[in-house]
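Peer 1: Need coordinates for the following:
(2 chains, ligands or ions: 2)
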Amino acid sequence: MANDKAIDVRDLVVGFGPRTVLDRVTFDVRRGEVFGFVGGSGSGKSVLLRTIIGLVPRRSGSIEVLGTRLDTANAEERRGIERRWGVLFQQGALFSSLTVLQNVQFPMVEYLDLPQRLMDEMAAAKLDMVGLRRADHDKMPSELSGGMTKRVALARALALDPELVFLDEPTSGLDPIAAGDFDALIKTLQETLGLTVFMITHDLESLHTICDRVGALADGRVVATGSIESMLACEHPWVRSYFQGRRATAVNERFANIEP
Amino acid sequence: MGSAPSLVAHPGTAGIELSAAGSWTVDHARSLDGIILDMMRTTPADVPVTINMRSIAALDTYGAWLVERFIRARESGSGSTRLDGLPERYRALYEEISTTERDAPQPAKHRPSILRSIAWLGQAAAGFGRDLVDFANMLGAIVVSLARVVANPRSFRITPTMHHLDRVGWQAVPIMLLITFLIGCIIAQQGFFHFRKFGADAYVVDMVGILVVREIGVLIIAIMMAGRSGSAYTAELGSMKMREEIDALRTMGRDPVDVLILPRIIALVIALPILTFLGSMAALYGGGLVAWAYGGMSPAIYIERLREAVSLTHFEVGMIKAPFMALVIGVVACAQGLAVQGSAESLGRETTASVVKSIFLVIVLDGLFAVFFASVDM
Ligand SMILES: Nc1ncnc2c1ncn2[C@@H]1O[C@H](COP(=O)(O)OP(=O)(O)OP(=O)(O)O)[C@@H](O)[C@H]1O
Ligand SMILES: [Mg+2]
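Peer 2: Ligands and ions are numbered 1, 2, ... in the order given. Model (predicted):
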């Protein structure tokens, strides 16, 4: 049993109609690490995430999550795995007919048998942790700002204290202070709960501060994986322009100064 | 899963020591909740308490919160509470939980049921008033938009109008013909069955003809249109509203009424009379078929009697009503569509409301027309 791997993707091919979006993608995410995933817009990052959690059918290849192959798992095993992960979708995907608090409670109601009072308290605590004020807990999703939607979606993804979270651009739409708080929260949860994070992000700050390893997707393939330092040294043209571009260089320099 | 959690009290000279053990995690949250509630009841508020966390096997946000809940509950008492021996790796997590806001979430207030029903009555009345205003608003906006088009005919959106005409008119023809045909058959069959007892067979044709051309044809088609096209209009406009498409249109200097609503309504106003005509013909055809097969009346006689019974006036009465019914259906459907709020539930609610209201209004309108035509002798 390859138990040190939270996600193990081998030779994954995914396409829509005649178009191949992912072409023999291979990578793995180790338990307890924060894995950042980068790639250009439309390169297939969200498709990869949705394939791993079983929402998009694959053409070939194998995917193993938390030691289980989801395609051969029966309904009960699947439910067991789903209980142990949390997902934040790029658009938030909050349930529009439930309040913010009920959205966070939804997985608790679904998977746990808890008194209502404890669920109220836990949902409120989770929302506090992601920085949503009490006054907003009873709002409907349509009354939230973009950044607030992201926070609620994050609180919902973390509702069950999962072992593994999938985050699709968690910090886009957050102000830099909130994004920094988010980084700190993820770091805390990783260190205390041993949380494994698979995170799609364009946020260079997050990549530098919390990601243990980074994977880069270009032309339908994972062209490089490794620490942020090895990414900076990578020769692949797209990775170079991503990490050595004008915006990236400024951030790189800042971090180069901080680190000993 | 880990081992079951526990919290054991050891009374001592300097207060009570509570020693925690096992997994304080989400999987045991239910039993932990019970343990903490028991402990809150049994420890006196004026005795100092030390919680010893040294031997816990695991802690997550659920366990951390329950410890924190116990500590917060004791704050009002005079005895101090201390957390001791929390393993280093859980410090940051506990820190995160203990800094959450203090005031407990407010449980929803429940008003007594009599007050609630009175409030409901008031809301329903206000809602009815609002509906009327919405209807009038939408009608006004459509008239203004129509006036703009008349003043400047080149601004009329011919392509979308044709598109909607195709959807609500042309594509509806088969189902409308089928249903009106069947209704015609049923009316004729019932007529022959019952009239035969009085030897009044011949008058079945009068009944079928007048009923279909004056009332049933237009009514059935209008009700079908409300269900088929009105609901589609509401759902389309509603989901556009939800996804801010309508706001986007406004910011680009386009009036949603001009772009989205007028073409839809015009398509409906054109399609409904045509479908009414086709539907009435199908119903008469069905009636004739039954008259021949079941009533033993030859087609020639059926047509002859039809010609005597149905005057042009009857036909006019039916056709005059059609565009007005189309207008009512269209206005209600579009007004409900724009009333959709952010949630999927509200989209469903408004779509239902659109169909129910437009069918109701179509029938009310039919009644008003009956009074009107009676008073002008048509
Ligand atoms: N359901 C679908 N049907 C057809 N094509 C799709 C579908 N979903 C995604 N695609 C295509 O797959 C490609 C990858 O999309 P994806 O959403 O994964 O991009 P992304 O890498 O997440 O981009 P971004 O950073 O902008 O979110 C795109 O070209 C998109 O058009
Ligand atoms: Mg994406």
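Peer 1: Mind telling me what element residue 181 is part of?
Peer 2: I'll assume chain A. Secondary structure assignment for A:Asp181, by DSSP states H and E: helix A:176-193.
Peer 1: Please refer instead to chain B.
Peer 2: When elements are defined using DSSP H and E, B:Phe181 is found to belong to helix B:173-195.
Peer 1: Which positions within that helix qualify as buried?
Peer 2: Using 16 or more other Cβ atoms under 10 Å in any protein chain shown as the test for burial, helix B:173-195 gives B:176-177, B:179-181, B:183-185, B:187-189, B:191-192, B:195. Any C-beta I mention is one placed from the backbone N, CA and C, and that applies to glycine too.
Peer 1: list the contacts for the closest residue to B:Thr161 other than its chain neighbours?
Peer 2: In space, B:Thr161 comes closest to B:Pro263 once its chain neighbours are excluded; the distance is 4.2 Å by Cβ to Cβ, 6 or more residues apart in numbering or on different chains. Contacts were defined as Cβ atoms under 8 Å, 6 or more residues apart in numbering or on different chains; by that measure B:Pro263 touches B:Arg157, B:Pro160, B:Thr161, B:His163, B:His164.
Peer 1: what's the closest of the residues you listed to chain A?
Peer 2: B:His163 (25.5 Å; Cβ to the nearest Cβ).
Peer 1: So for the closest one, what pLDDT did the model give?
Peer 2: At B:His163, the pLDDT value in this model is 94.
Peer 1: Please determine how far the closest residue to ligand 2 within the stretch 1-150 of chain B is located from chain A.
Peer 2: When distances are taken as Cβ to the ion, the stretch 1-150 of chain B approaches ligand 2 most closely through B:Thr61, which lies 28.2 Å from it. Applying Cβ to the nearest Cβ, to the nearest Å, one obtains 6 Å for the distance of B:Thr61 from chain A.
Peer 1: how much space between B:Ser113 and B:Arg214?
Peer 2: To B:Arg214, B:Ser113 is 48 Å away according to Cβ to Cβ, to the nearest Å.
Peer 1: Please settle this for me: is the residue nearest to B:Thr161 part of a strand?
Peer 2: No. Per DSSP: H, G, I helix; E, B strand; the rest coil, B:Pro263 lies outside any strand segment and is helix.
Peer 1: Now the closest residue to ligand 1 within the stretch 101-250 of chain B: phi and psi?
Peer 2: When you check the stretch 101-250 of chain B against ligand 1 by Cβ to the nearest ligand atom, the closest residue turns out to be B:Arg243, at 16.8 Å. In this entry, B:Arg243 is assigned phi and psi values of phi -90, psi 20 (degrees, to the nearest 10).
Peer 1: how about the residues of the stretch 51-200 of chain A that lie near ligand 2?
Peer 2: If contacts are counted using Cβ under 5 Å from the ion, the residues of the stretch 51-200 of chain A sitting beside ligand 2 are A:Gln90.
Peer 1: what about the helices in the stretch 51-200 of chain A?
Peer 2: Counting by DSSP state H, counting those that start in this stretch, the stretch 51-200 of chain A has these helices, from start to end: A:75-83, A:100-111, A:116-129, A:146-157, A:176-193.
Peer 1: out of those helices, deepest packed?
Peer 2: Between the helices of the stretch 51-200 of chain A, helix A:146-157 has the highest mean count of neighbours, a mean of 23, where neighbours are mean count of other Cβ atoms under 10 Å in any protein chain shown.
Peer 1: now check the helix holding A:Asp181, is it near chain B?
Peer 2: Yes. For helix A:176-193 and chain B, the contact criterion (Cβ under 8 Å from any Cβ of the partner chain) is met by A:Leu185, A:Thr188, A:Leu189, A:Glu191, A:Thr192, A:Leu193.
Peer 1: Okay, now the unreliable bits of the chain?
Peer 2: Going with chain A. Scanning chain A for pLDDT under 70 picks out the ranges A:1-3, A:256-260.
Peer 1: wrong chain, I was asking about chain B
Peer 2: Low-confidence segments of chain B, defined by pLDDT under 70: B:1, B:103-110.
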